[in-house]
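Q: turn this into a structure:
(chains A, B and C)
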Amino acid sequence: MTTDASEPFTVSPEMEQWLDQRVEKLLAERMDALVKERIAQAMKRDPAKRKVAIIASKGTLDMAYPPLILATTAAAMDADVRIFFTFYGLNILKKHGANKLQVAPIANPALPVPMPNILGMLPGMTPLATQMMKNMFAKHNVVSIGELLQQAIELDVKLIACQMTMDVMGFKREDLIEPIEVGGAATFLGFATGAHTTLFI
Amino acid sequence: MTTDASEPFTVSPEMEQWLDQRVEKLLAERMDALVKERIAQAMKRDPAKRKVAIIASKGTLDMAYPPLILATTAAAMDADVRIFFTFYGLNILKKHGANKLQVAPIANPALPVPMPNILGMLPGMTPLATQMMKNMFAKHNVVSIGELLQQAIELDVKLIACQMTMDVMGFKREDLIEPIEVGGAATFLGFATGAHTTLFI
Amino acid sequence: MTTDASEPFTVSPEMEQWLDQRVEKLLAERMDALVKERIAQAMKRDPAKRKVAIIASKGTLDMAYPPLILATTAAAMDADVRIFFTFYGLNILKKHGANKLQVAPIANPALPVPMPNILGMLPGMTPLATQMMKNMFAKHNVVSIGELLQQAIELDVKLIACQMTMDVMGFKREDLIEPIEVGGAATFLGFATGAHTTLFI
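A: Here you go, the predicted model:
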């Protein structure tokens, strides 16, 4: 490149080449380190790390615990947490529903107090197994589902009721607790696609 | 640095130092902003956001819905979606199997029409509960599992049958619908490790 | 900018402007390519891709397989894998417990050998269904849960027992196999928030 006619000074091609080499050397030395540092910082601040997206699809006492324990713990660790309640999980959001959830005493050979299915299916065994599990949790100071739900709300966990489940199962907006949002699979996915932690429970 | 003997001009050390400082200043001013902008753009385009990896491990009517609803919704949102059908989930891919899935009327106290286990275990109750659930979905215009599966295929959701499950459960390739792929846990993980949304259903 | 009085040479404003333009041109040309390349490299090396975080919450023979098969496969693919055993899943870590897990012959219409619930609930049917499933796996050279657990340990999969579950279900540290860690939901989340693959099983 020769200098413009308008420039009141001359730069020899040699000078130009020297300058370019010098600048390239400085660029190579400084830029690489800076870019790596900036990328490392950005990775550490990656917003996906702070987002936790949970689907709660079960409506039993035992399987209502994991979404709420994980959500409140994550929120206490300063994460942006949303739970999408769908299928049987919607029962957790029913007014006065959280503390009415039950546990099935059959079809789970891993129950803490195993019981032959032929006994477990007898009338009265579901409430009995439910009470036993509630006692086990209470004895070890684990809070109830209702209390966990309240903690989740206080920690700004966003609770989303599945619109389709509401329609299919005949839940009206006023049947559910406040504050919640109502949304669909797209609502959940819009958040989950930007989250590292995504769990279907 | 002194100039090479081959260079037909001289640069004083002061000139060199001035140049270096000037270049460093320009670098610092311009590079930081550009690097931050480029990183922000890259994070927004993060390919992990567009990938949704789902495992369908259940073969009941109720739990066949979530993987297919999430997959078709994500695909409609332009995501690259793959479902790995394993264990009981393989039944969903059986020829004419999707619409034969059933729901268990026992061991789930959260069923929309709760039923004592002692009634639910009677012969005929599984088909009855299945028909009731199908009616609930149909009444609210929710498409059948077979139709959802067809939508998934049309939306380019990749369906992968678990090779090990096929071996163990005695499924042959011709027992399953088309188009699907056959693969193992490594096939799923190869995709899931690059995906933000990963769900075991 | 005029040159400092201390500099023993003069640079005309025109010279300065020319230099700046030249440097900016070089910056624009070289920096963009380098930044894009570095970001692409960083994305490829994204540590979230190498982390697989699994929750094992079920204690049945069938549902003990998925966390262990996925974990050992991921570890063999050189991933950093952690499994958090919680609720019924803790049974997998019980001393001599892995090979005592059972499968429920009821409430799952998708079982490979379907059985009416009224038969499945009879005494002796849970051990029978368990033996049938074990035979199916053995016949196809799928290793047992105990062997998979051993493989996981040899592949450096980190096994974490849920402290709360231990308290509630009355497990003592010496009831569980070695080597494991004991931790809570925060332990799991601290790892999962930096992992692409996160699965609740």
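Q: ok, the closest residue to chain B within chain A - how many residues close by?
A: Minimum separation of chain A from chain B (Cβ to the nearest Cβ) falls at A:Gly59, amounting to 2.6 Å. Where you see a C-beta, it was placed from the backbone N, CA and C, and this is true even at glycine. By other Cβ atoms under 10 Å in any protein chain shown, the residues close to A:Gly59 number 23.
Q: can you check A:Ile55 too?
A: 27.
Q: what does the one 5 residues further on give?
A: Neighbours of A:Thr60 under the rule other Cβ under 10 Å: 22.
Q: same question, A:Gln150
A: Neighbours of A:Gln150 using other Cβ under 10 Å come to 15.
Q: try A:Ser12
A: Residues near A:Ser12, counting by other Cβ under 10 Å, number 13.
Q: cool, A:Ala186 as well?
A: What A:Ala186 shows, counting by other Cβ under 10 Å, is a neighbour count of 12.
Q: ok, now A:Ile83?
A: 28.
Q: part of a helix, is it?
A: No - counting by DSSP: H, G, I helix; E, B strand; the rest coil, A:Ile83 is not part of a helix but strand.
Q: who touches it in this structure?
A: Neighbouring residues of A:Ile83 by Cβ atoms under 8 Å, 6 or more residues apart in numbering or on different chains: A:54-56, A:67-68, A:71, A:152, A:157-160.
Q: if we can go back for a sec, for the residue of chain A closest to chain B, what are phi and psi?
A: phi -120, psi 20 (degrees, to the nearest 10).
Q: pull up the distance across stretch A:156-175, start to finish.
A: From its first residue to its last, stretch A:156-175 covers 21 Å (Cα to Cα, to the nearest Å).
Q: which residues sit against that stretch?
A: A:71-72, A:75, A:81-87, A:90, A:93-95, A:149, A:152-153, A:176, A:179-185, A:187-188, B:69, B:112, B:136-137, B:139-140, B:142.
Q: which of these count as buried?
A: Using 16 or more other Cβ atoms under 10 Å in any protein chain shown as the burial test, the contacts of stretch A:156-175 include A:71-72, A:75, A:81-87, A:90, A:93-94, A:149, A:152-153, A:176, A:180, A:183-185, A:187-188, B:69, B:112, B:136-137, B:142 as buried.
Q: so which of those sit within helices?
A: Residues of the buried ones among the contacts of stretch A:156-175 located in helices (DSSP state H): A:71-72, A:75, A:149, A:152-153, A:185, A:187-188, B:69, B:136-137.
Q: let's have those residues in JSON lines, adding pLDDT and distance to A:Lys25.
A: Below are these laid out as JSON lines (pLDDT from 0 to 100; distance: Cβ to Cβ, whole Å):
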{"residue": "A:Ala71", "pLDDT": "98", "distance to A:Lys25": "53"}
{"residue": "A:Thr72", "pLDDT": "98", "distance to A:Lys25": "54"}
{"residue": "A:Ala75", "pLDDT": "98", "distance to A:Lys25": "50"}
{"residue": "A:Leu149", "pLDDT": "98", "distance to A:Lys25": "62"}
{"residue": "A:Ala152", "pLDDT": "98", "distance to A:Lys25": "56"}
{"residue": "A:Ile153", "pLDDT": "98", "distance to A:Lys25": "59"}
{"residue": "A:Ala185", "pLDDT": "98", "distance to A:Lys25": "54"}
{"residue": "A:Thr187", "pLDDT": "98", "distance to A:Lys25": "53"}
{"residue": "A:Phe188", "pLDDT": "98", "distance to A:Lys25": "52"}
{"residue": "B:Ile69", "pLDDT": "98", "distance to A:Lys25": "58"}
{"residue": "B:Met136", "pLDDT": "95", "distance to A:Lys25": "72"}
{"residue": "B:Phe137", "pLDDT": "95", "distance to A:Lys25": "69"}
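Q: nearest to chain C among those?
A: For those, the nearest to chain C is A:Thr72 (8.4 Å; Cβ to the nearest Cβ).
Q: wait, the closest one sits on A:Ile153?
A: No - between A:Thr72 and A:Ile153 there is no contact under Cβ atoms under 8 Å: 9.8 Å.
Q: now for the two: what residues contact both?
A: By Cβ under 8 Å, 6+ apart, no residue touches both A:Thr72 and A:Ile153.
Q: what domains does the record give for chain A?
A: The record's domain split for chain A, according to automatic domain parsing, is A:12-45, A:50-200.
Q: which stretch among those comes nearest B:Trp18?
A: Checking those against B:Trp18 by Cβ to Cβ gives domain A:12-45 as the closest, at 11.6 Å.
Q: could you list the buried residues of that closest one?
A: A:18-19, A:22-23, A:26-27, A:31, A:34-35, A:38-39, A:42-43.
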